[in-house]
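Asker: sequence and predicted model, in that order:
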Amino acid sequence: MFENKKYLLIIFSIIILIGASCSSKKIEPTYIPDDVSGVFCIDLKNVSNKATDFSNTIKVMSGDKYSFVNQVFNAGVDYSKKAYFFIRTSPELSQSYTAGYIPLNNKKKFEEALKKSTKENNINTEIKTKEDWKYIITENQVILMWNEKQVFFLLQGDKSDEEKLLANAQKIIKTPENQSLEGKQNSFKELLAQNFDASYWLNTEFTTPKLPYLSNWGNLESILSLPKMVESNYGLITFEKGEIITKNIVKFKEESFKKYKNIIKTSYDQNLAKSIPLTEPIFITAFALNMKEVEKMLDEWKFLEKLKIQVSFIDMKIEDFFTMISGDIVISGQTYGAKEMQDNDFVVALGLEKKEIFDKFINEVASLGLAKKKKNYFVLNYDDYRVFLIEKGNTLYLTLSADLRDKILNENNKINQKLSTSIGEQSLLFALDYNKLNKFIPWDSIKNSDNTKNMYQNIMKELDTFEMQVVPWGNATQITNFKLKLTNKSRNAVNVLAEIIDKINKEAKERKPNM
């Protein structure tokens, strides 16, 4: 049976795995309304060049040789043009929808495949005509329309009758160019003019997080509202041999940029990041804050008063804490999932700007019985946890692990080479080693089906490392580079990811042959 959710899931999977370069500089009308929440664009020309066997890739992605998606995507689709998939979210379901355009170059071939597929999948529907478009509406109220140039599909957020569904679809496909997304949003037009394998565009008006818990800490929720801070947000994705690279571009509004640009320093202390004594870390994150700017920002947000109350039991000024540390912060972990928190090798390293202030602070805490001074470190009791504080040079290390405490005190180990290669001139770094993470995932205790566990395990085996690097500010633009490295370095990521999906589909069939 042709189910709308399964149909859309398959299409979305194909979108993610076959994204390719929108290389043409000429921007053709997209007919995408300017009030959508997000858009995903691919160029089918490059994906067919990158995939070793594109028709087989489509078959693999659909999971069934005779599926609706497999037949339709191999019938009449124009692989020299762009395809667009977009979504609109709204509190009112009637205003929410998922839709997309797929280019055509052979309408007759498409119709033949469609008729054959609907028959084989027992889809009871009638092909109708409206103006120069033909269309069908499935039992699950997905409307599929096509003309000589493209296929359009629409899934409404609520259940609508045929007349309303058709009217909504026509409203979208008749979007005037001056009211389209590229006509209204320069950032989307800018995106389409660039080279990429896949791309996404997000409407910041529709991506504001709801953070009610922040109401207890001042006016943070309204201040952190994305529409107030961000002008645009889009990303460019490329698929290369053994890796997937994403460049996320956020343009801040000038007022927000001027106010917050100095909060994060252009680079963290690389020596501090490399000093973490973990031989096989699962992850590392490093960044540096301008503490004077942080203090100023928190005061403006009415957050500083709350902090003063929290530390009022100590005979120190809240301002002292912001001058005590340099702002360089490194966090890393080597083990995960231990039954006792104390058994996890996890460390936080802080750069010290004024050690005399830290000495005053820790002695004050010790005098209150909240910490115990040992020979060359302190033990801080927090709830049921024992936290070791080790001051070494201009660095303060915090860890729960006695073993890691001893390594910090007695050895000069450095973080392993695999993740240390990611350390460089960035405002922020996050690096993750999937091979190390996989060792600590308790697969046997996960209460999912065997099929689900096998799916995750197969995916994890194909992943090597993940990196996120925030580039120093350039005007009001913030660029973040993501890199997902795969275990197989010799093949394009499109083919490797297709094989992952193929394994998942085969396992699902073996366990549920009647699916």
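Answerer: Yes, it's here. Residues are numbered from 1 along each chain as shown.
Asker: as a check, name the ranges of all strands in the stretch 301-450 of the chain.
Answerer: Using DSSP state E, counting those that start in this stretch, the strands of the stretch 301-450 of the chain run over 325-333, 346-352, 371-373, 378-382, 385-392, 395-399, 428-433.
Asker: now the stretch 51-200 of the chain
Answerer: Along the stretch 51-200 of the chain, the segments classed as strands by DSSP E, counting those that start in this stretch run 82-88, 97-103, 128-130, 133-137, 142-146, 150-156, 198-202.
Asker: before we move on, back to that, which one of the strands of the stretch 301-450 of the chain has the lowest average pLDDT?
Answerer: Note on these: strand 378-382 shows the lowest mean pLDDT, a mean of 84.
Asker: just the buried residues of that strand, please?
Answerer: Neighbour-count burial for strand 378-382, counted by 16 or more other C-beta atoms under 10 Å, picks out 378, 380. For glycine as for every other residue, the C-beta is placed from the backbone atoms N, C-alpha and C.
Asker: mind giving me the packing neighbours of that strand?
Answerer: Packing partners of strand 378-382 (3 or more C-beta pairs under 8 Å, 6 or more residues apart in numbering; DSSP states H and E): helix 355-367, strand 371-373, strand 385-392.
Asker: again, only this time at 6 Å
Answerer: strand 371-373, strand 385-392 (3 or more C-beta pairs under 6 Å, 6 or more residues apart in numbering; DSSP states H and E).
Asker: neighbouring contacts of the shortest one?
Answerer: Looking back up the chat, that one is strand 371-373. 365-366, 378-380 (C-beta atoms under 6 Å, 6 or more residues apart in numbering).
Asker: from the middle of its chain, how far away would stretch 313-331 be?
Answerer: Offset of stretch 313-331 from its chain centre (C-alpha atoms, centre = their mean, to the nearest Å): 32 Å.
Asker: first-to-last residue distance for it?
Answerer: Using C-alpha to C-alpha, to the nearest Å, the end-to-end distance of stretch 313-331 comes out at 28 Å.
Asker: could you do stretch 129-146 as well?
Answerer: So stretch 129-146: terminal residues 10 Å apart, C-alpha to C-alpha.
Asker: contacts for it, please.
Answerer: The contact list for stretch 129-146, computed with C-beta under 6 Å, 6+ apart, reads 2, 4, 125, 127-128, 147, 152-155, 162, 165, 169.
Asker: in JSON lines, list the contacts of strand 371-373 along with distance to residue 275.
Answerer: Below are those laid out as JSON lines (distance: C-beta to C-beta, whole Å):
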{"residue": "365", "distance to residue 275": "25"}
{"residue": "366", "distance to residue 275": "26"}
{"residue": "378", "distance to residue 275": "19"}
{"residue": "379", "distance to residue 275": "22"}
{"residue": "380", "distance to residue 275": "21"}
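Asker: residue 346: which of these is nearest?
Answerer: residue 380 (14.8 Å; C-beta to C-beta).
Asker: please report the distance of that closest one from residue 419.
Answerer: Separation of residue 380 from residue 419 (C-beta to C-beta, to the nearest Å): 28 Å.
Asker: what are the structural domain limits within this structure?
Answerer: Domain assignment for the chain by automatic domain parsing gives 4-240+441-511, 262-435.
Asker: between the ones you listed, which one is closest to residue 254.
Answerer: Nearest to residue 254 among the domains of the chain is domain 4-240+441-511 (5.8 Å), distances taken as C-beta to C-beta.
Asker: average pLDDT across the closest one?
Answerer: 79.
Asker: for stretch 403-420, same thing?
Answerer: 78.
Asker: verify the stated contact: residue 377 with residue 392.
Answerer: No - contact criterion C-beta atoms under 6 Å: residue 377 and residue 392 do not qualify, at 9.1 Å.
Asker: who has more neighbours, the two?
Answerer: Legend: neighbour count by other C-beta atoms under 10 Å for residue 377 and residue 392, higher for residue 377 (18 against 15).
Asker: how about the more buried one, nearest residue that isn't a chain neighbour?
Answerer: residue 390 (4.5 Å; C-beta to C-beta, 6 or more residues apart in numbering).
Asker: now for the one you found: which residues touch it?
Answerer: The contact partners of residue 390, by C-beta under 6 Å, 6+ apart, come to 377, 397, 408.
Asker: again, only using 10 Å
Answerer: Applying C-beta atoms under 10 Å, 6 or more residues apart in numbering to residue 390 gives the contacts 347, 349, 374, 376-378, 396-399, 404-406, 408-409.
Asker: could you do residue 467 as well?
Answerer: Residue 467 neighbours (C-beta under 10 Å, 6+ apart): 243, 245, 419, 421-422, 426, 429-432, 481-485.
Asker: out of these, which end up buried?
Answerer: Neighbour counting with 16+ other C-beta under 10 Å marks 243, 245, 419, 422, 426, 429-432, 482-485 as buried within those.
Asker: the helices in the stretch 51-200 of the chain, which residues?
Answerer: 54-62, 68-73, 107-120, 162-173, 181-184, 186-192 (DSSP state H, counting those that start in this stretch).
Asker: now do the fourth one: which elements does it pack against?
Answerer: Packed against helix 162-173, as judged by 3 or more C-beta pairs under 10 Å, 6 or more residues apart in numbering; DSSP states H and E, are the following elements: strand 97-103, strand 128-130, strand 133-137, strand 142-146, strand 150-156.
Asker: okay, it in PDB with CA atoms only?
Answerer: Once non-C-alpha atoms are left out, helix 162-173 reads as follows in PDB (Å, rounded to 0.1, in the frame of the first residue of the first chain):
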ATOM      1  CA  GLU A 162      -9.900  17.300  -2.900                       C
ATOM      2  CA  GLU A 163     -11.100  20.800  -3.800                       C
ATOM      3  CA  LYS A 164      -9.100  22.400  -1.000                       C
ATOM      4  CA  LEU A 165      -6.000  20.300  -1.500                       C
ATOM      5  CA  LEU A 166      -6.000  21.100  -5.200                       C
ATOM      6  CA  ALA A 167      -6.500  24.800  -4.500                       C
ATOM      7  CA  ASN A 168      -3.600  24.900  -2.100                       C
ATOM      8  CA  ALA A 169      -1.400  23.000  -4.600                       C
ATOM      9  CA  GLN A 170      -2.300  25.500  -7.300                       C
ATOM     10  CA  LYS A 171      -1.500  28.400  -5.100                       C
ATOM     11  CA  ILE A 172       2.000  27.100  -4.600                       C
ATOM     12  CA  ILE A 173       2.800  26.200  -8.200                       C
END
